[in-house]
Every structure is written in structure tokens, then in C-alpha cells.
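> this one's structure only:
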């Protein structure tokens with residue numbers, strides 16, 4: 001490669017992100033080797049690690065030299081393929097991606113989500129006030145895990161009795177609470193999700209509604225009907241994307257407010273609009289740490305030559321701390337503006353559910369501001385083990401409400 005390689009921890013190992021100070025790792029890569037070659041091992045191929053904001057943005061908007069159809073996360077890239085490649089919107093390119101996105105946008109528009117927004121606010125209020133009445137809760141499990149799952153399941157019209165099962169499967173599909181999870185538990189969970197949605201697709205073909213599954217079951221993409229596997233794979237993508245990002249961002253937000261009492265005071269005092277604070281929460285937490293691509297043509301990035309066929313990982317969690325874009329990037333500042341973070345993606349694959357995710361995070365912040373006087377951590381958090389997602393699965397807290405919280409609860 002023509003230079004002394006920078007040695008960093010193994011980014012394919014989920015344990016790396018629990019054991020190491022990754023903020024320092026990303027800072028060192030941005031400064032010394034922003035287009036870094038992560039060497040191959042006996043069990044996996046090598047891959048590029050891109051850490052600067054400008055380079056990440058360049059790759060995300062470059063459809064001529066990079067594709068997502070062989071996988072958009074490190075795990076599937078290392079396996080050599082993604083079963084949804086070219087069929088699931090997140091790992092499809094070209095006209096098919098554009099047409100499918102256009103079909104689904106109908107269900108994710110602000111107009112279509114007006115009712116969902118009201119329900120999210122009501123659900124958030126109820127969960128907050130129940131926690132206040134108890135005086136303590138595990139914020140991760142009792143509040144943050146409920147809001148996004150209930151919301152995306154409402155949107156997809158998943159039967160109420162099935163939702164706890166769906167939640168357990170989504171948790172296992174991309175991350176684990178344990179350093180050494182059961183072998184292949186993630187693949188088993190992904191398969192189970194796909195099998196579950198096959199039954200829903202069959203039901204929606206027979207009795208369609210106005211939900212995204214029905215839109216795919218009855219609509220056309222480029223003049224053809226989607227087959228069952230196309231729809232099932234996109235359901236899988238929607239349920240995972242709709243749950244994980246918002247949930248982990250909410251948990252990370254509460255942890256950040258506990259660690260930064262000045263920002264908690266700023267939230268309570270209304271010094272920053274909820275929408276502005278929500279963008280900083282998304283930047284600060286960056287739940288999806290990276291996106292992946294495969295080079296389909298030789299291309300230069302910085303001073304490096306990326307060859308056709310090379311695997312490329314774009315570390316959003318590093319780009320969101322790039323000091324050339326964000327002033328004082330390691331400062332949690334809920335008044336930060338502008339805040340053009342990469343958390344929701346960039347370019348053609350910008351998150352379809354970005355508006356929905358923001359609704360959930362804004363509602364949570366508004367609930368904290370309105371009903372909670374103080375919140376304190378009462379025990380150690382439990383971090384998830386993942387090379388894709390960043391966050392916690394447990395955050396025990398003591399929570400004190402404003403004096404009139406219970407009167408609100410009884411309204």
C-alpha cells in the first residue's frame with residue numbers, strides 16, 4: 001500500500017466496540033489514515049474503512065463506482081452477498097430502487113403519518129407518566145423499546161399479540177446483549193422474521209388495507225407486481241430500520257442528558273426547540289455506525305486506489321464527529337445548528353423512515369421536557385454487542401415527575 005499501516009482494533013468483532021475507546025480510534029483514523037485498509041484475516045476478507053465526512057458523502061452519492069446490492073452492512077459484505085440484494089430497497093440500486101421508494105413514500109409522507117404522530121405522542125405520554133408513578137424504570141426496556149416498535153407495527157398493521165415476538169427477533173437480528181451469543185442466533189432471527197412476514201403478505205394479498213405491506217402487495221414497480229419474497233424482504237428491512245434507530249437514539253439521549261446536566265437544564269428551560277435538540281441526539285448517538293458498499297469500478301478516494309470488487313465501509317459514527325464539519329464535535333450541544341449529520345444517510349439511500357423516526361424522538365424529548373423533573377441513573381447500563389449498531393439495551397433510572405404530572409396523567 002506504500003505506507004506503514006495504522007493498526008486499529010478488529011472492526012468486524014462486536015466486542016471491539018465495547019472494549020475500546022472508539023472515539024479516539026476514529027479521531028486517529030480521520031487524522032492519519034482516513035481511507036484505511038482493514039487487512040484480511042484467515043476467516044474474512046479485507047475492507048476499506050472510510051472515516052471523514054466528505055469521503056463518506058462522496059461514496060454515498062456515487063452510484064457509478066459503488067453498489068449496495070452486495071450488502072450494505074459489514075456482516076453481509078463479509079459473507080459475500082446479501083439475500084435481499086437487488087430486491088430489498090436498502091440493498092437495491094437504479095430504477096428498481098427509485099420506483100419502489102416512490103411506491104412506499106405514500107405511506108411515509110407527513111400527510112399519511114398525521115395519525116401516527118398523534119398516537120406516538122399519546123403513547124409516549126402514557127409511558128413517561130407510568131414510569132414517574134413507579135418512581136423508577138429501565139428506560140431502555142420500559143420506554144424506548146416500546147415506542148418505535150409499537151409505531152412501526154401500527155404502520156405495518158402487525159397484530160398486537162405478535163409484537164413481543166417481533167421485538168425479540170429484531171433485537172437478535174443485528175445485535176446481542178451478550179459478548180458470546182448463541183452461534184448463528186442472528187441468522188436464525190433474521191430467518192424467523194422473514195417467515196413471519198410471509199404469512200402477513202399472504203393475508204394482505206387477500207384483504208389489503210392502506211399499510212406499506214398492502215401497497216407492495218397490490219402495487220406495481222416498473223410495470224410488474226412484486227412477488228412474495230420481494231415484499232417479505234422489504235418488510236424485514238422496514239421493521240428493523242423502524243425499530244432500531246429510534247430506540248437506540250432515545251436511550252442514548254437519556255444517558256447523554258444524565259451525563260451532561262447543563263444540556264438537561266437547557267432542554268427543560270426550552271433553550272432549544274425540540275426539533276433542533278432531536279438532530280443533536282441523532283448526531284451524538286449515531287445508532288447505525290456504518291453503511292457498506294462494494295466497488296464496481298476502479299476509483300480514487302483521497303490518495304487511495306479502490307479497486308473494483310473491494311468492500312467499503314463508511315463509518316457514519318466517525319463522520320458525525322468530523323471537526324472540519326462540526327464545531328466542537330465531541331460536545332453534546334442540543335442547540336447545535338446547522339447540524340447536517342449523516343445518521344439518516346445521504347443521497348439516494350437517505351432513510352425512507354426519517355420523518356417517522358424524528359416524530360418518535362421529538363415526542364420523547366417533549367415528554368422529558370414536559371413531565372420529568374429529574375432523572376438519575378441507578379445502576380450500570382448494558383451495552384449491546386454489534387459491529388453495526390451502537391447503544392444500550394438496559395438503562396436503569398430513577399425518575400421524578402413535575403408536580404402536576406399525575407394530574408396530566410388523569411386528564
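That came through, no problem. The model shown is predicted, which means the values in this text are computed figures rather than measured ones. Numbering: from 1, shown residues only.

> below-threshold pLDDT in this structure: ranges please.
1-3, 171-185, 405-411 (pLDDT under 70).

> residues in contact with stretch 315-332?
The set of residues external to stretch 315-332 that reach it, using Cβ atoms under 8 Å, 6 or more residues apart in numbering, is 22-23, 26-27, 29-30, 49-54, 56-57, 256, 259-260, 263, 280, 283-284, 286, 288-291, 336, 339-343, 390. (Glycine included, C-beta is placed from N, CA and C.)

> take the residues you listed and keep only those in helices.
22-23, 26-27, 29-30, 53-54, 56-57, 256, 259, 263, 280, 283-284 (DSSP state H).

> which residues sit against whichever strand or helix holds residue 18?
Element membership for residue 18, per DSSP states H and E: helix 16-19. Identification of contacts with helix 16-19 by Cβ under 8 Å, 6+ apart yields 9-10, 22, 179, 289, 383, 385-387, 390.

> then stretch 261-270?
With Cβ under 8 Å, 6+ apart, stretch 261-270 has contacts from 256-258, 272, 277, 332-335, 365, 368-369, 375.

> rerun that using 7 Å as the cut-off
Applying Cβ atoms under 7 Å, 6 or more residues apart in numbering, the external contacts of stretch 261-270 come out as 256-257, 272, 277, 332, 334-335, 365, 368-369.

> ok, how many other residues are close to residue 34?
The number of residues packed near residue 34 is 22, by other Cβ atoms under 10 Å.

> ok, it - contacts?
Going by Cβ under 7 Å, 6+ apart, the list of residues near residue 34 reads 51-52, 55, 302.

> can you add neighbour count and distance to residue 70 and give the contacts of stretch 261-270 back as CSV?
Listed next are these as CSV, based on neighbours: other Cβ atoms under 10 Å; distance: Cβ to Cβ, whole Å:
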residue, neighbour count, distance to residue 70
256, 17, 35
257, 24, 40
272, 20, 41
277, 27, 37
332, 19, 36
334, 27, 38
335, 13, 41
365, 24, 37
368, 23, 41
369, 16, 44
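
> got the phi/psi numbers for residue 272?
Main-chain torsions, residue 272, degrees, to the nearest 10: phi -140, psi 130.

> distance of it relative to residue 133?
Separation of residue 272 from residue 133 (Cβ to Cβ, to the nearest Å): 28 Å.

> residue 112 too?
Distance of residue 112 to residue 133, given as Cβ to Cβ: 34 Å.

> neighbour-wise, which of the two wins?
residue 112 (16 against 13).

> just give the closest residue to that one, not the sequence neighbours.
Nearest residue to residue 112, sequence neighbours excluded (Cβ to Cβ, 6 or more residues apart in numbering): residue 106, at 6.4 Å.

> what residues are up against residue 271?
By Cβ under 7 Å, 6+ apart, the contact list for residue 271 reads residue 335.

> what about it, is that helix, strand or coil?
Secondary structure, DSSP: H, G, I helix; E, B strand; the rest coil: residue 271 is coil.

> likewise residue 331?
Going by three-state DSSP: residue 331 is coil.

> state the distance from residue 306 to residue 199.
42 Å.

> which one of those two is surrounded by more residues?
residue 306 (23 against 11).

> tell me the bridge partners for the more buried one.
Applying DSSP bridges to residue 306 yields these beta-bridge partners: residue 299.

> doesn't residue 50 make contact with it?
No - counting by Cβ atoms under 7 Å, residue 50 is not a contact partner of residue 306; they are 9.5 Å apart.

> next, show the common contact partners of the two.
residue 312.

> where's the residue most central in space within the chain, which helix or strand?
Residue closest to the mean C-alpha point of the chain, counted by Cα atoms, centre = their mean, is residue 245 at 2.9 Å. Counting by DSSP H and E, the element that carries residue 245 is helix 228-259.

> wait, a strand at residue 148?
No - applying three-state DSSP, one finds residue 148 to be helix, outside a strand.

> what number of residues lie near the closest residue to it other than its chain neighbours?
Excluding its sequence neighbours, the residue lying closest to residue 148 (Cβ to Cβ, 6+ apart) is residue 246, at 3.9 Å. Around residue 246 there are 28 other residues, counting by other Cβ under 10 Å.

> is it true that residue 246 touches residue 358?
No - counting by Cβ under 7 Å, residue 358 is not a contact partner of residue 246; they are 8.6 Å apart.

> so what sits opposite residue 49 in the bridge?
Applying DSSP bridges, one finds that residue 49 bridges with residue 36, residue 313.

> please report how far it lies from residue 88.
Applying Cβ to Cβ to residue 49 and residue 88 gives a distance of 25 Å.

> all strands of the stretch 1-150 of the chain, in order?
35-38, 47-50, 66-67, 136-138 (DSSP state E, counting those that start in this stretch).

> derive a PyMOL selection command for the buried subset of the contacts of stretch 315-332.
This is how PyMOL selects the buried members of the contacts of stretch 315-332, with burial counted by 16 or more other Cβ atoms under 10 Å:
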select buried, resi 22+26+27+29+30+49+50+51+52+53+56+57+256+260+263+280+283+284+286+288+289+290+291+336+339+341+342+343+390
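
> quick one: the strands in the stretch 251-400 of the chain?
Using DSSP E, counting those that start in this stretch, strands in the stretch 251-400 of the chain cover 290-295, 299-301, 304-306, 311-315, 372-377, 382-383, 392-394, 396-401.

> give me the angle between the fourth one and strand 290-295.
Meaning strand 311-315. 150 degrees (axes from the mean of the first three to the mean of the last three Cα atoms, to 10 degrees).

> now the buried members of the contacts of helix 16-19.
The buried subset of these (16+ other Cβ under 10 Å) comprises 22, 289, 385-387, 390.

> in TSV, list the residues you listed along with distance to residue 350.
Output for the buried ones among the contacts of helix 16-19, formatted as TSV (distance: Cβ to Cβ, whole Å):
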residue	distance to residue 350
22	25
289	17
385	28
386	22
387	23
390	20
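
> farthest pair within these?
Spanning the widest gap among the buried ones among the contacts of helix 16-19 are 22 and 385, at 13.5 Å by Cβ to Cβ.

> now do the end-to-end distance for stretch 199-217.
End-to-end span of stretch 199-217 (Cα to Cα, to the nearest Å): 12 Å.

> oh, that last question was meant for stretch 218-225, not what I typed.
7 Å.

> residues touching residue 200, list them.
residue 213.

> element containing it?
helix 185-206.

> contacts for the very next helix or strand once past that helix next, please.
Next helix or strand after helix 185-206 toward the C-terminus (DSSP H and E): helix 212-218. Contacts of helix 212-218 with the rest of the structure, by Cβ under 7 Å, 6+ apart, involve 103-104, 106-107, 155-156, 200-201, 204-205, 208, 226, 231, 234-235, 238.
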